[in-house]
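Student: this one's structure only:
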């Protein structure tokens, strides 16, 4: 924390040196204009690039609303910051701050989308999902040089590319950087198709990317698919009690999918609940998108450490498989690209692995393996977040 305060103080000194006649009001208006431009950029990415549109679109529009200079709009929507009584402040307080409703409801929809079949058929992929969380802890250790440990842990979670977990961890650890952490986490989730191919190609050789794998599909009984989410909930809750809420909602959503008697509710969770909650979540974050909170040295550092966390997570999964291949017979070796799907960005990361694999070998069909690693990463990210909460809330931080 001393290092962070040192950099902030130095920046303030430089600002006063080069802009001695600048006043606070001028900086505030300039910051608001910058945030309006950021909001327009988020809207552009949502519409033109189709990057997480259900989240980035309301976030972008919210950023514009709360930063209109000299307007009473922000006061009516927010009130006095996140403690106000405006509709956006109410959404934030109820949905994120006090009851954590929105990330939990969102996980029900995500769980209903997930097919754990590939993971059940290839249970060894759970180790790939676990290895894919290594970047969380590596980036946390680096960030802890500049930030308090609890803030560093919340920043490290960005690497999992799991928005709801990032919300819950940063909120429960009372991080002072919740707003930039959430924005950076979701932006990097949207940028998975751009960032991951670069990381995958830099951490593997062409020969490794060409490794062809054969997926033998096996029938999975309905009973097994029903038992799986129940067992995962019990095991993960026992290992990290603080993960119980998120993993429980994730597995409940999956149980809706697999039980066979609530198909209409399962479809509603996938097609209505998930996008609707994402939309409301984007608006709920809006009160924290004001210039005073975001245009800081801390935000810039979070962008850097968040990118490192994302790169480290992808690389950890890849290198885990490369190490495992040392002990595996040549004819049974695993394509290291699959390790890149060990993060939580489902199913984007799986599609990236499939695309990069086919670029190296048109006969490659890595998608079933990547999907298994991807859903394992979804469980792994929630478990990693729960472990951090258990350790740091227990007094280590």
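Tutor: Happy to help now that I have it. Here the structure is a predicted model, which means the values were calculated and not measured. Numbering: from 1, shown residues only.
Student: Give me the contacts around stretch 292-312.
Tutor: 4, 7-8, 11, 28, 31, 34-35, 38, 134-136, 138-140, 142-143, 146-147, 155-161, 176-177, 179-181, 183-185, 188, 195, 199, 288, 343 (C-beta atoms under 8 Å, 6 or more residues apart in numbering). (Glycine included, C-beta is placed from N, CA and C.)
Student: The closest residue to residue 389 other than its chain neighbours: what's it in contact with?
Tutor: In space, and not counting its chain neighbours, residue 389 is closest to residue 242: 3.6 Å by C-beta to C-beta, 6 or more residues apart in numbering. Contacts for residue 242 (C-beta under 8 Å, 6+ apart) come out as 172, 385-387, 389-390, 393.
Student: By residue count, which helix of this structure is the longest?
Tutor: The longest helix of the chain (DSSP state H) is helix 297-326.
Student: Okay, buried residues for that helix please.
Tutor: 297-299, 301-303, 305-322, 324-325 (16 or more other C-beta atoms under 10 Å).
Student: With stretch 116-131 instead?
Tutor: Here stretch 116-131 shows 116-122, 125-131 as buried, counting by 16+ other C-beta under 10 Å.
Student: Tell me how far it lies from the chain's centre.
Tutor: Mean-position distance between stretch 116-131 and its chain equals 20 Å (C-alpha atoms, centre = their mean, to the nearest Å).
Student: Give me the contacts around it.
Tutor: With C-beta under 8 Å, 6+ apart, stretch 116-131 has contacts from 217-218, 220, 224-225, 228-229, 254, 316-317, 319-321, 338-339, 341-342, 368-369, 371-380.
Student: How about stretch 193-200?
Tutor: 188, 209, 307, 310-311, 314-315, 318, 337, 340, 348-349, 351-353, 355-356.
Student: Show the contacting residues for residue 372.
Tutor: 118-119, 121-122, 125.
Student: Tell me the pLDDT of residue 311.
Tutor: Listed pLDDT for residue 311 reads 93.
Student: Would you map the helices across the stretch 251-397 of the chain?
Tutor: Ranges of helices in the stretch 251-397 of the chain, per DSSP state H, counting those that start in this stretch, are 263-268, 274-285, 291-294, 297-326, 348-360, 367-391.
Student: Revised request: answer the last question for the stretch 1-150 of the chain.
Tutor: 2-18, 24-47, 53-65, 73-77, 87-92, 101-113, 117-121, 125-131, 134-143, 149-156.
Student: Can you lay out the ones you listed as TSV showing distance to residue 263 and mean pLDDT?
Tutor: Converted to TSV, these look like this (distance: least, C-beta to C-beta, whole Å; pLDDT from 0 to 100):
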stretch	distance to residue 263	mean pLDDT
helix 2-18	51	56
helix 24-47	30	85
helix 53-65	23	89
helix 73-77	39	57
helix 87-92	31	84
helix 101-113	10	93
helix 117-121	17	93
helix 125-131	27	94
helix 134-143	36	94
helix 149-156	38	93
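Student: Need the winner for burial among those helices.
Tutor: helix 149-156 (a mean of 28; mean count of other C-beta atoms under 10 Å).
Student: Next, the angle helix 134-143 makes with it.
Tutor: Orientation check (axes from the mean of the first three to the mean of the last three C-alpha atoms, to 10 degrees): helix 149-156 against helix 134-143 gives 140 degrees.
Student: Give me the contact list for helix 149-156.
Tutor: By C-beta under 8 Å, 6+ apart, helix 149-156 touches 135-141, 143-144, 146-147, 166, 169-170, 173-178, 181, 302, 305-306, 309, 388, 392, 396-397.
Student: ditto for stretch 354-365
Tutor: So stretch 354-365 is in contact with 197, 200-201, 206, 209-213, 215, 335, 337, 340, 366-367, 370, going by C-beta under 8 Å, 6+ apart.
Student: Pull out the buried positions in that stretch.
Tutor: Quick answer for stretch 354-365 (16+ other C-beta under 10 Å): 354-357, 360, 364-365.
Student: wait, what's in contact with the nearest residue to residue 338 once chain neighbours are set aside?
Tutor: Closest residue to residue 338 apart from its sequence neighbours, by C-beta to C-beta, 6+ apart: residue 369 at 4.8 Å. Applying C-beta under 8 Å, 6+ apart to residue 369 gives the contacts 118, 122, 125, 213, 215, 334-335, 338, 341.
Student: cutoff 7 Å now
Tutor: 122, 125, 213, 215, 338 (C-beta atoms under 7 Å, 6 or more residues apart in numbering).
Student: Could you export those residues as TSV, including distance to residue 57?
Tutor: Formatted as TSV, the contacts of residue 369 follow (distance: C-beta to C-beta, whole Å):
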residue	distance to residue 57
122	37
125	34
213	38
215	36
338	32
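Student: With respect to per-residue confidence, which of the residues you listed is lowest?
Tutor: residue 215 (80).
Student: Verify the stated contact: residue 178 with residue 168.
Tutor: No: under the criterion of C-beta atoms under 7 Å, residue 178 is not in contact with residue 168, lying 10.8 Å apart.
Student: Now do stretch 246-261: distance to the chain's middle.
Tutor: On C-alpha atoms, centre = their mean, the centre of stretch 246-261 falls 20 Å from that of its chain.
Student: what sits up against it?
Tutor: Counting by C-beta under 7 Å, 6+ apart, 104, 107-112, 114, 116, 164-165, 168, 222, 225-226, 229, 232-233, 236-237, 262, 265-266, 269, 379, 382 sit against stretch 246-261.
Student: Can you give me the distance of residue 169 to residue 277?
Tutor: Taking C-beta to C-beta, to the nearest Å as the criterion, residue 169 is separated from residue 277 by 18 Å.
Student: Alright, calling it a day.
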